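Engineer: Sequence first, predicted coordinates after that:
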Amino acid sequence: MSPPPPDPADPERVLLMGVVNVTPDSFSDGGRYAAAEAAIAHGRRLATEGADIVDVGGEATGPRSTPVDEAEELRRVLPVVEALAGAGLRVSIDTTKAGVAEAALARGATIVNDVSGGLFDPRMREVLAAAPAATYICGHLRGASIAEVFAREGRAEADSLTFDDVVLELAARLELLPDAVAARTWLDPGIGFGKPPQLNIELVTGAGRLGFALDRPVVIGPSRKRFLRQFVANPDAPTEADLDQATVAACGEALAAGPLVVRVHNVALLHAALTAYNNE
């Protein structure tokens, strides 16, 4: 059995998710969109460039990022979510906190993107159960907090993680969800997040296999991740443009298995590549 398509209205089309980081410490854009006005303008621009979904996040998840409390995360994201949803965009809230997810859904978001897969906040399941129209993106990440994950999972433990481990752990997280929530859940194998480069490559190229194994749509987010540095001319000091080109190549490998949801920073570049590919 093949996994359900990301968009039932058009099962053959890839969905592009554009990243809107409303944070001062994003690894990818250095706080370029930390102000609400800049983030709103960026989200609108991503939609014009081809994004089907804009993914709004108010807490950076890199190993050197500073955790924020719920009040600060709400202050950052709610004006952006409300403005973009009010403009008719399909908005995802990128958060591990149930309270932030709940407030964002009330402001017009229709997708909750949780990199922890529900591990950071067990109340997330209740929020999703109470929002029957919301899609849940269940990510793969271990631990009780992002800081603890990187402190506890040293290189030796990360290196021991396998593709099959990720599949089994995502399956276990699906089983924890109420059936009605699991039925509207997409899966993200969590590219990066301390995983070794070879495993990241396997997760990208095996995205289709993961979807078939768990019978769910798959979200792939290789965009500008550290493992891509091995594929650029200057891996010690890659430019943003280099990483974006490597991201397009990685997305092409993932999409070879069929339609997916692809989360990227440079929507215009990937959209152009997909358009050229589809017109060949």
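Structural biologist: On my side now, so go ahead.
Engineer: next one: stretch 133-142 to chain centre, how far?
Structural biologist: 9 Å (Cα atoms, centre = their mean, to the nearest Å).
Engineer: Make 48 the first number, not 1, from now on.
Structural biologist: New numbering, starting at 48: the last item is stretch 180-189.
Engineer: So which bits of that stretch are buried?
Structural biologist: 181, 182, 183, 184, 185, 186, 187, 188, 189 (16 or more other Cβ atoms under 10 Å). All C-beta spots, glycine's among them, are computed from the backbone N, C-alpha and C.
Engineer: Stretch 165-184 now?
Structural biologist: So for stretch 165-184, counting by 16+ other Cβ under 10 Å, buried means 165-168, 171-172, 174-175, 178, 181-184.
Engineer: Endpoint to endpoint, that stretch covers what distance?
Structural biologist: 10 Å (Cα to Cα, to the nearest Å).
Engineer: and what of stretch 222-235?
Structural biologist: 15 Å.
Engineer: who's in contact with that stretch?
Structural biologist: 53, 160, 162, 165, 172, 175-176, 179, 181-187, 217, 221, 257-258, 261, 263-268, 308, 310 (Cβ atoms under 8 Å, 6 or more residues apart in numbering).
Engineer: as a whole number, average confidence for that stretch?
Structural biologist: Stretch 222-235 shows an average pLDDT of 96 in the prediction.
Engineer: ok, now stretch 98-113?
Structural biologist: Mean predicted confidence for stretch 98-113 is 86.
Engineer: roughly how far is that stretch from the heart of the chain?
Structural biologist: On Cα atoms, centre = their mean, the centre of stretch 98-113 falls 8 Å from the chain's centre.
Engineer: Check which residues of it are buried.
Structural biologist: Buried-residue list, stretch 98-113, by 16+ other Cβ under 10 Å: 98-109, 112.
Engineer: quick check, nearest of those to residue 250?
Structural biologist: Nearest to residue 250, judged by Cβ to Cβ, of these is residue 108 at 16.7 Å.
Engineer: Run through who's touching the helix or strand that contains residue 298.
Structural biologist: Using DSSP states H and E, residue 298 falls within helix 287-302. Here helix 287-302 makes contact (Cβ under 8 Å, 6+ apart) with 61, 75, 251-252, 254-255, 267, 269-271, 275-276, 278-281, 285, 307, 309, 311-313, 316-317, 320-321, 324.
Engineer: In a markdown table, list the buried residues of stretch 180-189 along with distance to residue 236 and secondary structure.
Structural biologist: As requested, the buried residues of stretch 180-189 are exported to a markdown table (distance: Cβ to Cβ, whole Å; DSSP: H, G, I helix; E, B strand; the rest coil):
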| residue | distance to residue 236 | secondary structure |
| --- | --- | --- |
| 181 | 21 | coil |
| 182 | 17 | strand |
| 183 | 15 | strand |
| 184 | 11 | strand |
| 185 | 10 | strand |
| 186 | 8 | strand |
| 187 | 5 | coil |
| 188 | 10 | coil |
| 189 | 13 | coil |
